[in-house]
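K.L.:
After the sequence you'll find the predicted model.
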Amino acid sequence: MTVYASLRSIDLQPEPSSLPADAEEFCFLARLYAGPADGPGEESFDITVCSPEWLAAQCRDGGIFDARHHLVVDVQRFDQGALVAWLEKRVQAVSGDNWSQVGKRLGHLGFWEFEDYRP
């Protein structure tokens, strides 16, 4: 039986509309809550949404920056509705044999709350 992912909600912190309108370097957290499409429950997946300029500044500070779980968006064309639609499409495209497999696959997009969990 195939399990499909469903996006339950997205929490953006801080709210992108609260960022300065002229900000070239910006970064915010997108916390996705996803669960199996055919059942209850949800788990969180964290993505850092940032501009290329913010990412470049991080590289300048230390020379190397591990950008895992980051999504880079163009500050001039940033649209919150388009971001939400893109994330929803990405989540709904994920499936697997069980929820654990789906969670690991979603973990390529965002940091899964159970990513390093070992029972």
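P.N.:
Everything's here; your move.
K.L.:
Flag every buried residue along the one helix or strand residue 86 maps to.
P.N.:
Assessed by DSSP states H and E, residue 86 sits inside helix 80-92. Going by neighbour count (16 or more other Cβ atoms under 10 Å), the buried part of helix 80-92 is 83, 87, 90-91. (Glycine included, C-beta is placed from N, CA and C.)
K.L.:
Run through the helices of the chain in chain order.
P.N.:
Per DSSP state H, the chain carries helices over the ranges 52-62, 80-92, 99-106.
K.L.:
Out of these, flag the one nearest residue 33.
P.N.:
The minimum distance between residue 33 and the helices of the chain falls on helix 80-92, with 9.8 Å, by Cβ to Cβ.
K.L.:
Among the helices of the chain, which comes closest to residue 37?
P.N.:
With distances scored as Cβ to Cβ, the stretch of the helices of the chain nearest to residue 37 is helix 80-92 (7.8 Å).
K.L.:
now the closest one: how far from the chain's centre is it?
P.N.:
10 Å (Cα atoms, centre = their mean, to the nearest Å).
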